[in-house]
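Student: A structural model of the following input is requested.
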Amino acid sequence: MLLNNHIIGPGEQLLTRLVISKLPSGSVIDVPVHVFRAVEPGPTVLLMAGMHGDEVNGIETIRRMIRRGQLQRPLRGTIIAIPILNIYGFLNFSREVPDGKDVNRSFPGSPRGSVASRVAHRFMREIMPLVDYGIDYHTGGAARSNHPQVRCLLGEDAETDALATAFAAPFTLHADLRPGSLREAAMRQGRRIIVYETGESLRLDEYGIEIATAGTFRFLKHLGMLAEAPEPTQAPVVCRKHTWLRAKFAGLFRTHLQTGQYVEKGQEYGIVADPYGEMAVRLVAPVSGYIIGLNHMPVVNQGDALLHIGVPERG
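Tutor: Reported below is the predicted structural model:
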């Protein structure tokens with residue numbers, strides 16, 4: 001295997017750094033990449049977080065697995081672990097890179113494009129050609145939290161379905177490919193990547209990190225790269241349909257519900273009130289389902305997303 005001008009032989013490990021660019025101060029921005037290669041040939045799996053620099057749960061998940069030596073000896077194949085792709089955003093507590101663009105809408109990128117496009121291009125040139133399967137770890141943003149969930153294209157590729165089932169997050173969502181995303185770029189090349197989401201930006205979510213770690217081990221075991229992995233505590237709830245309930249009025253939003261809870265159609269899920277004590281509107285769910293995402297920002301405008309509801313499949 002050749003990566004960043006380094007040859008990694010069977011049974012070898014490597015920490016290399018992909019140089020992306022320089023800050024205006026002249027400081028080099030590089031991305032550390034860990035490679036753990038088994039003696040036995042097999043698939044190459046990408047574990048990557050920090051596409052958005054403020055999404056710390058995936059970063060912490062991969063960091064812990066590396067620190068604890070849990071990725072160092074795959075039974076076969078290769079593990080490529082990238083704790084942080086967007087170093088710019090990480091340094092600035094930001095989702096984006098300095099030009100305000102989203103790396104996950106910039107694939108496959110260009111060597112002469114924006115900062116986000118250059119980050120995407122370097123990844124596509126150096127990392128993507130090596131990858132067979134992957135997990136892209138994400139976190140809810142802008143004061144919104146996600147219950148632990150896997151997102152992928154369901155029902156269109158049996159192998160992707162099997163990977164999501166093996167991960168066994170509490171929820172598995174059908175999610176269409178978004179233009180410019182890593183998942184879309186990977187699919188165009190026949191490489192299968194699922195997305196894991198948990199918690200909210202700039203906050204560590206221990207529950208979600210534990211599920212991420214266990215799910216990653218099950219993912220690797222499914223591919224024959226680990227001998228053991230924790231059994232899931234429950235079967236994933238599969239949601240092919242999901243929708244955000246949005247504010248019809250501006251004001252102060254409050255709810256007593258939490259992610260993971262089930263709401264019935266017609267059930268009150270919160271209130272939007274004006275800040276002067278003159279008006280309060282009860283919010284009623286138009287559909288039954290599980291709360292898979294929740295807005296924690298108390299001040300909302302018309303159209304703001306309040307509650308993400310996943311509609312479960314009926315057996």
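
Student: just say helix, strand or coil for Val272.
Tutor: With DSSP: H, G, I helix; E, B strand; the rest coil as the basis, the three-state label of Val272 is strand.

Student: wait, Tyr88
Tutor: Judged by three-state DSSP, the three-state class of Tyr88 is helix.

Student: contacting residues around it?
Tutor: If a contact means C-beta atoms under 8 Å, 6 or more residues apart in numbering, then Tyr88 has Ile29, Gly53, Ser94, Glu96, Val97, Pro98, Val115, Val119 as its contacts. For the C-beta atoms, the positions are set from N, CA and C on the backbone; glycine is no exception.

Student: relative to Val131, which of those residues is nearest.
Tutor: Set against Val131, the nearest of those by C-beta to C-beta is Val119 (16.4 Å).

Student: tell me which strands the host helix or strand of Val19 pairs with, and in which orientation.
Tutor: Following DSSP states H and E, the helix or strand that holds Val19 is strand 13-22. Using DSSP bridges, strand 13-22 pairs in its sheet with strand 28-37 (antiparallel).

Student: so how far is the strand it pairs with from its chain's centroid?
Tutor: A distance of 19 Å separates the C-alpha centroid of strand 28-37 from that of its chain, computed with C-alpha atoms, centre = their mean, to the nearest Å.

Student: next step: the contacts of Tyr88 restricted to helices.
Tutor: In helices, judged by DSSP state H, the following of the contacts of Tyr88 are found: Val115, Val119.

Student: adding neighbour count, write the contacts of Tyr88 out as CSV.
Tutor: As requested, the contacts of Tyr88 are arranged in CSV below (neighbours: other C-beta atoms under 10 Å):
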residue, neighbour count
Ile29, 18
Gly53, 24
Ser94, 17
Glu96, 20
Val97, 26
Pro98, 16
Val115, 20
Val119, 28
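
Student: gap between Tyr137 and Gly58?
Tutor: Using C-beta to C-beta, to the nearest Å, one gets 3 Å for the distance from Tyr137 to Gly58.

Student: what's the overlap in contacts for these two?
Tutor: Residues within reach of Tyr137 and of Gly58 at once, by C-beta under 8 Å, 6+ apart, are Met48, Ala49, Tyr196, Ala212.

Student: quick check: the second one vs Arg192, distance?
Tutor: Spelled out, that is Ala49. Distance of Ala49 to Arg192, computed by C-beta to C-beta: 18 Å.

Student: who has more neighbours out of these two?
Tutor: Between Ala49 and Arg192, counted using other C-beta atoms under 10 Å, the more crowded position is Ala49 (27 against 20).

Student: quick one: residues contacting the more buried one.
Tutor: Ala49 sits next to 55, 57-59, 61-62, 82-85, 136-138 when contact means C-beta under 8 Å, 6+ apart.

Student: which of those residues fall in strands?
Tutor: In strands, judged by DSSP state E, the following of the contacts of Ala49 are found: Ile82, Asp136, Tyr137, His138.

Student: list only buried entries from those.
Tutor: Buried members of the ones in strands among the contacts of Ala49, counted by 16 or more other C-beta atoms under 10 Å: Ile82, Asp136, Tyr137, His138.

Student: any chance of those in JSON lines, plus distance to Arg125 and pLDDT?
Tutor: As requested, these are arranged in JSON lines below (distance: C-beta to C-beta, whole Å; pLDDT from 0 to 100):
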{"residue": "Ile82", "distance to Arg125": "14", "pLDDT": "98"}
{"residue": "Asp136", "distance to Arg125": "18", "pLDDT": "98"}
{"residue": "Tyr137", "distance to Arg125": "22", "pLDDT": "98"}
{"residue": "His138", "distance to Arg125": "23", "pLDDT": "98"}
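
Student: which of those residues sit farthest apart?
Tutor: Ile82 and His138 (13.5 Å).

Student: I'd like the next helix or strand past the longest helix seen in the chain.
Tutor: With DSSP H applied, the helix covering the greatest number of residues in the chain is identified as helix 206-222. Downstream of helix 206-222, the next assigned helix or strand under DSSP H and E is strand 237-246.

Student: next helix or strand past that next one?
Tutor: Tracing the chain C-terminally past strand 237-246 and defining elements by DSSP H and E, one meets strand 251-254 next.

Student: may I have that following strand exported as CSV, CA atoms only?
Tutor: Included here for strand 251-254 are C-alpha records, laid out as CSV according to Å, rounded to 0.1, in the frame of the first residue of the first chain:
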residue,chain,number,x,y,z
GLY,A,251,-40.7,33.1,19.7
LEU,A,252,-39.4,31.0,22.6
PHE,A,253,-39.5,27.3,22.1
ARG,A,254,-39.6,24.8,24.9
